[in-house]
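Undergrad: fold the following and give me the result.
(3 chains)
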Amino acid sequence: MPLWLFIFLGVLAIIAAFGVILQRSPVHCLLALAFALVDIGALFIGLGAVTVGFLQIIIYVGAIMILFLFVIWLLNLQAETDLGGHLALKFFGAIAAAALVAELFVMFLSAPATDSSRAVPTGYGSIESLARVLFSDYLIAFEVTSLLLLAAVVGSVALARRMPSVSRTERVTNEASKNLGSARP
Amino acid sequence: MTPIGYFMALSAILFAIGVAGVLVRRNVIVMFMSIELMLNAVNLAFVALGRSVGSMDGQVIVFFVMTVAAAEAAVGLAIIIALFRNRETVNVDELNLLHW
Amino acid sequence: MTTELLIGAIKAIVILVLVLNLTAVLLWFERKGSALIQDRIGANRAAIFGIGRRLGLPNLGLVNTLLADSVKLFTKEDFVPEGADRFLHGLAPFLALFPVLVTFAVVPIGDVLKIGSHAINLQAADLNVSALYVLAVLGVGVYGVALGGWASNSRWSLLGGIRASAQMISYELAMGLAIIAVVITYGTLDLQEICKIQGGVWFGWLPRWGILVQPVSFFLLLTAGMAESKRVPFDLPEGESELVAGYFTEYSGGKQAVFMMTDFAEVVLTSVLVTLFFFGGWQVPWLYREGFHFPGPHGAFLALPNWTVAILQIIAFWAKTVIFCCLQILVRWTLPRFRYDQLMRFGWKGLVPLGLLNLVATAFVVVAVGAKY
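TA: Sure, this is the predicted structure:
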């Protein structure tokens, strides 16, 4: 991946990430996050992981972010007046993040420099090679993930539905007794 | 051409920004979005490292992380909806029933 | 290197210009076509300096639709409602249009055009996962609609936006299932490869078009594509009688023009996808790279130069696309609108199980037959 392209995409991703944590309105944060995710998808594609890059855009930007948007609408969240907690929290949060970055930088930039244009096997990142590894080495994880998704679907529907204040039997009984009272011959 | 270390550095920066978001913001949905940002930073690290070794394992792990993140987002948002219905707030500072 | 870049840029510009022109012509088609179907005259008043009035040219409505309407739309006052989010209100139309136009980057309009020493693949961007790209970009198309509805600070827009985005993500699933079944049949994600595989004949005379192998997917893709573009019978998000204009109520002038362009660009996109997957794309029956091989006992062979073949292929592609665009316009003015719950039920309980069954059946047949298509 050419360096100028990486720097361009990287700077955009960092600006978008700052947008996520600094915007007042949740919808603006969401848009910034969607932009950052598309940017990271582009970085994936640049690294040769073409399938995973497009899957990132389909799954994350096309589905998960829309889910977030729906929830923001459902809860009718407005733009916030003050950002974040008290001042000490913001201060120490920033220091913690900076310390984390410094530590990780020291670790990564001292690793041996591998070029990202190193030769890879043909068909690297294509859907065939992904499927081959997925269905042979990681088959159990694949099957378990499908169970996980089923559990997530059932769980989220069960958690998010409205619980009526009156139970179902009570409602049916009330309806029936109303009709009985006014029954015509 | 870009060395893999640069990708790791970008991943580290994005991760740290996500951490800052989780620590600083008080709106639970924005905290959730920062967590998604952290997950994606890690995905980037996985793909970059997979590329540097030349193996597909990095991408397979990213595939699974994406799936799990989707499931977790669905369940997490359902929890937030249930929470909002009961407490009428999404500010984590006001979710203090267990406070002494 | 620069020639490659230049060729790529020219291809992109040509395809984009073709698509945008077809979009504009479709608008005229829709107005006059709907007038024909509904036994009325349609737009026929505008003329330029009275030219052609005696010849009856204004009756064609061309000046009206292609010139007067466009000028009117782009010179109208562009307002942002009070309390609306200015940035998102301005961004939303373009966020809706961009993904639809960008999808055309991977659409192949012909086989190979040889100019001098260059063999130009008539596809703006040569991706080997183009079907995945199409799905990814269509997913991003939901944002423009959703944000347009929300950013207008009006309850009709918000309702229309929510309905539209829920509808779009539901029918994206059916579309994805249809495309996956086609991909399993052909064994490749590359759109140009899928078109090439549809060359050749069966039994000596029947072109190997995809509709004969995947009729259910054809129905799924056509229906889901029409639902994605929110056209009747799925147009409750912009239901004129219920929601004023749905998610683009508060838009006027240029931004509304962009939203309408999105509508017609998606019509073209659905037609293009159906053509590519099920009707051979740019394949003309019995036309190969070196010329026509007619079927039959005599089997006449007509040799043609490469540029003639390319032009025939391009014309065939756009002719098939226009036929499906007309089909969609016909359906729009024939069927009544679905109610919203009927729409969602049809998508989730009708199309998705059908798509899954089709997928399983396709997988069985492909494994049973053995080799790739």
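Undergrad: please count neighbours and contacts with C-alpha atoms only from this point.
TA: Noted.
Undergrad: okay, which residue is most central for chain C?
TA: C:Leu269 (1.5 Å; C-alpha atoms, centre = their mean).
Undergrad: which intervals of the chain have sub-threshold pLDDT?
TA: In the absence of a named chain, chain A is used. A:84-85, A:111-118, A:165-167, A:181-185 (pLDDT under 70).
Undergrad: try chain C instead
TA: In chain C, residues with pLDDT under 70: C:46-61, C:63-65, C:232, C:236-244, C:371-373.
Undergrad: which residues of it fall in helices?
TA: For chain C, the helices defined by DSSP state H occupy C:2-37, C:62, C:69-75, C:86-103, C:130-140, C:142-150, C:155-186, C:191-197, C:215-228, C:254-278, C:306-332, C:340-345, C:352-369.
Undergrad: what ranges do the helices span in the chain?
TA: Reading this off chain A. Using DSSP H, helices in chain A cover A:3-22, A:26-46, A:50-56, A:65-74, A:87-109, A:127-136, A:139-160, A:168-181.
Undergrad: please go with chain B instead
TA: Taking DSSP H, the helices of chain B run over residues B:4-24, B:28-53, B:57-87.
Undergrad: hmm, C:Leu304 is touching C:His293, no?
TA: No: the pair C:Leu304 and C:His293 does not pass the contact test of C-alpha atoms under 8 Å, sitting 10.7 Å apart.
Undergrad: end to end, how far does stretch C:78-89 reach?
TA: 11 Å (C-alpha to C-alpha, to the nearest Å).
Undergrad: Provide the contact partners of that stretch at residue level.
TA: Contacts with stretch C:78-89, where a contact means C-alpha atoms under 8 Å, 6 or more residues apart in numbering or on different chains, come from C:147-148, C:151-153, C:250-255.
Undergrad: tell me which two of those sit farthest apart.
TA: Farthest-apart pair in the contacts of stretch C:78-89 is C:Asn153 and C:Gly254; separation 19.2 Å (C-alpha to C-alpha).
Undergrad: the single nearest residue of the stretch 151-300 of chain C relative to chain B and B:Tyr6: what is the separation?
TA: Closest contact between the stretch 151-300 of chain C and chain B, by C-alpha to the nearest C-alpha, is at C:Ile169 (15.1 Å). Separation of C:Ile169 from B:Tyr6 (C-alpha to C-alpha) stands at 36 Å.
Undergrad: next: C:Gln214.
TA: Relative to B:Tyr6, and taking C-alpha to C-alpha, C:Gln214 is found at 47 Å.
Undergrad: for A:Ala16, same thing?
TA: 18 Å.
Undergrad: just to revisit the earlier point, figure out which of the helices of chain C is closest to A:Leu130.
TA: Here helix C:130-140 is closest among the helices of chain C (C-alpha to C-alpha), at 14.1 Å.
Undergrad: could you give the angle of the closest one to helix A:65-74?
TA: When axes from the mean of the first three to the mean of the last three C-alpha atoms, to 10 degrees is applied, the directions of helix C:130-140 and helix A:65-74 differ by 10 degrees.
Undergrad: what about helix C:130-140 and chain B, touching?
TA: No: Helix C:130-140 stays clear of chain B (C-alpha under 8 Å from any C-alpha of the partner chain), getting no nearer than 14.9 Å.
Undergrad: buried residues in that helix?
TA: For helix C:130-140, burial by neighbour count (16 or more other C-alpha atoms under 10 Å in any protein chain shown) applies to C:130-140.
Undergrad: now do that helix: distance to the chain's middle.
TA: Offset of helix C:130-140 from its chain centre (C-alpha atoms, centre = their mean, to the nearest Å): 13 Å.
Undergrad: give the other helices and strands that it contacts.
TA: If you count contacts as 3 or more C-alpha pairs under 8 Å, 6 or more residues apart in numbering or on different chains; DSSP states H and E, helix C:130-140 packs onto helix A:50-56, helix C:86-103, helix C:155-186.
Undergrad: could you dump these to CSV with distance to B:Val30?
TA: Output for the helices and strands packed on helix C:130-140, formatted as CSV (distance: least, C-alpha to C-alpha, whole Å):
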stretch, distance to B:Val30
helix A:50-56, 20
helix C:86-103, 19
helix C:155-186, 21
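Undergrad: just put these in a markdown table and tack on distance to C:Gly200 and mean neighbour count.
TA: Formatted as a markdown table, the helices and strands packed on helix C:130-140 follow (distance: least, C-alpha to C-alpha, whole Å; neighbours: other C-alpha atoms under 10 Å in any protein chain shown):
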| stretch | distance to C:Gly200 | mean neighbour count |
| --- | --- | --- |
| helix A:50-56 | 30 | 24 |
| helix C:86-103 | 27 | 20 |
| helix C:155-186 | 14 | 23 |
